[in-house]
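> model the structure of this input:
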Amino acid sequence: MSSSSEEDLLFAVALLANEEEEKRERKVWVHNIYEKRETYGEFHHLFPDLLKDRSKFFHYFRMSQEKFYELLNLVKPCVERENTTFRRAVPCEERLAVCLRFLATGNSFRTLAFSYRLGETSVRRIVYDVCDAVWTKLVPIFMPQPDKEIWERNELEFRERWNFPNCVGAMDGKHVVFDKPANSGSLFYNYKKSFSIVLLALVDANYKFVMVDVGALGKNSDGGIFSNSIFGRKLQQNKLDFPPDKILPGTNELMPHVIVADEAFPLQRNLMRPYPGDESKRNTEKRIYNYRHSRARNTCEDSFGILSKKFRIYQRKMQVSPEHMTKFVLATCVLHNFLREDHPNLLAELIEEATPALQDLRGTGGTYTGSALRIRDRFKDYFSSHAGSVEWQERMINVGRRNTNE
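Below is the predicted model of the structure:
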């Protein structure tokens, strides 16, 4: 081999060795910004001060300190990471703080990355992992699969609090808006000319979610969203484990347990919707029924309002995939139940700061059977009878009419 060939070979070997060394250096290289995370990162310099002020802590994380650490203990086994040779893992407490701040504000991953002095990819991974852990660990405790005992408790609360016996839940659906996913065409394009997935929820008398179904395409018809959901299919197939029919208080009238919903849903044996507006205007008993129906159904509307005001991700057009948006929705729904009784006074202050951002489903109705019509008529008659009426109902249904006539 000539000397020039030997020199070329040695040069090539040296070059490859140098490239390998540079690769190794890049693998362990950390930007100066991230190196100072434990000194200037938002968690390390702000969190200790937040712990000294209960109100500020609540407004920052949307929960009290007690709930924060209760939640941390629940999700810690799923989100804890081990230190490696090259870097220390982000502590569980900080990981939870990053995720909760994301859900509370809807700030971009890049914004959070700068404020917490973490890599943008790390922030994304942390938020996805913690949301998964929140749903996995909390849903068996705070949103368990309903059984007869849960349905019976719900019926008692609707009867005593909202004057609607035999009601076991209120149902509604909302479009959760986000940026158009790449290469999705019109799959998520809804009737309000935005892109969305659908949150379908059943709520109890205390504004807690009983069941949620998330992820239906925004383009789907609203009637189809319900009929194709797991909840809708179980209701139609009588597989929700409802208690046996029950006598209405003060009567001998045996009636089924029902769910109340608005005009977007079909009238069924166990699913009541209001009378059409034109029909109820000419009939006082139907207007009374609609008023009583609305009182019970508004628990679901109010729950959506609380959810969207507490977690501001619903007031932003998130630039994420539908799968990740579904993770956020599921996590916030079960967190809503977890936090329902957490410092109601501070929650009221928080809710006043924002307006609801979820979009309604369209009222499409659907087919119904004669038995469903008869069940609704029997509720109508009951609410206007001596046994089932409440003293203020006629006054309430005449308030709007009196103002209109003036």
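> in the stretch 151-300 of the chain, where is pLDDT below threshold?
Low-confidence regions of the stretch 151-300 of the chain, defined by pLDDT under 70, span residues 218-219, 221-223.
> ok, which stretches of it are helices?
Taking DSSP state H, counting those that start in this stretch as the criterion, the stretch 151-300 of the chain contains helices spanning 222-228, 230-236, 277-281, 284-310.
> for the second one, C-alpha coordinates in CSV please.
Read that as helix 230-236. Coordinates of each C-alpha in helix 230-236 appear next as CSV, following Å, rounded to 0.1, in the frame of the first residue of the first chain:
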residue,chain,number,x,y,z
ILE,A,230,-71.1,3.0,24.1
PHE,A,231,-73.6,4.7,26.4
GLY,A,232,-76.2,5.1,23.7
ARG,A,233,-76.0,1.5,22.7
LYS,A,234,-76.2,0.2,26.3
LEU,A,235,-79.3,2.4,26.9
GLN,A,236,-81.0,1.1,23.8
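> can you pull the buried residues of that helix?
By 16 or more other Cβ atoms under 10 Å, the buried positions in helix 230-236 come out as 231-232, 235-236. Where C-beta positions appear, they are placed from N, C-alpha and C, glycine not excepted.
> any idea which of these is the one closest to Ile375?
Of all those, the one with the least separation from Ile375 (Cβ to Cβ) is Leu235, at 14.2 Å.
> is it true that that closest one touches Arg269?
No: taking contacts as Cβ atoms under 8 Å, Leu235 lies outside contact range of Arg269: 9.3 Å.
> okay, strands next: where are they in the stretch 51-200 of the chain?
Shown for the stretch 51-200 of the chain, the strands assigned by DSSP state E, counting those that start in this stretch span residues 167-177, 196-203.
> adding mean neighbour count, write those strands out as a markdown table.
Conversion of the strands of the stretch 51-200 of the chain to a markdown table gives the following (neighbours: other Cβ atoms under 10 Å):
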| stretch | mean neighbour count |
| --- | --- |
| strand 167-177 | 25 |
| strand 196-203 | 24 |
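> so which of these comes closest to Thr111?
Ranking those by proximity to Thr111 (Cβ to Cβ) places strand 167-177 first, at 19.5 Å.
> what is that closest one packed up against?
Based on contacts counted as 3 or more Cβ pairs under 8 Å, 6 or more residues apart in numbering; DSSP states H and E, the elements that strand 167-177 packs against are helix 148-162, strand 196-203, helix 222-228, strand 258-260, helix 284-310, strand 359-360.
> element containing the residue nearest in space to the middle of the chain?
Relative to the mean C-alpha position of the chain, the nearest C-alpha, by Cα atoms, centre = their mean, is the one of Cys333, at 3.3 Å. Under DSSP states H and E, the secondary-structure element containing Cys333 is helix 322-338.
> count the residues that sit near Phe114.
Residues near Phe114, counting by other Cβ atoms under 10 Å, number 16.
> per-residue confidence at it?
Reading off the confidence values, Phe114 has pLDDT 92.
> my read: Pro144 touches Arg153, true?
No: using Cβ under 8 Å as the test, Pro144 is too far from Arg153 to be in contact (12.0 Å).
> out of the two, which sits in the more crowded spot?
Between Pro144 and Arg153, Arg153 has the larger neighbour count (other Cβ under 10 Å), namely 14 against 10.
> can you pull the contacts of that one?
For Arg153, the set of contacting residues under the criterion of Cβ atoms under 8 Å, 6 or more residues apart in numbering is empty.
> and Val214, how many neighbours?
19.
> ok, now Phe338?
Counted by other Cβ under 10 Å, the residues lying close to Phe338 total 21.
> list the contacts for it?
67, 71, 138, 142.
> for the nearest residue to Val329 once chain neighbours are set aside, give the beta-bridge partners.
Spatial nearest neighbour of Val329, chain neighbours left out: Val214 (4.8 Å); criterion: Cβ to Cβ, 6 or more residues apart in numbering. When bridges are taken as DSSP bridges, the partners of Val214 come out as Leu199.
> any idea how far Val334 is from Leu248?
Between Leu248 and Val334 the distance is 34 Å, computed by Cβ to Cβ, to the nearest Å.
> so how far is Lys148 from the residue nearest to Phe242 when sequence neighbours are not counted?
Leaving aside its chain neighbours, Phe242 sits nearest to His257 (4.7 Å; criterion: Cβ to Cβ, 6+ apart). In this structure, His257 and Lys148 are 10 Å apart, going by Cβ to Cβ.
> so what's in contact with the two at the same time?
Taking Cβ under 8 Å, 6+ apart as the contact rule, His257 and Lys148 both touch 242-243.
> higher neighbour count, those two?
For His257 versus Lys148, the count of surrounding residues by other Cβ under 10 Å is larger for His257: 23 against 13.
> hang on, that one packs against Asp245?
Yes: because the distance of 7.4 Å satisfies Cβ under 8 Å, His257 is recorded as touching Asp245.
> list the residues that contact the closest residue to Leu187 other than its chain neighbours.
Closest residue to Leu187 apart from its sequence neighbours, by Cβ to Cβ, 6+ apart: Leu217 at 5.2 Å. If you count contacts by Cβ under 8 Å, 6+ apart, Leu217 has them with 187-188, 197-198.
> before we move on, back to that, between Leu248 and Val334, which one's more packed in?
More neighbours sit around Val334 than around the other of Leu248 and Val334, counting by other Cβ under 10 Å; the figures are 22 against 19.
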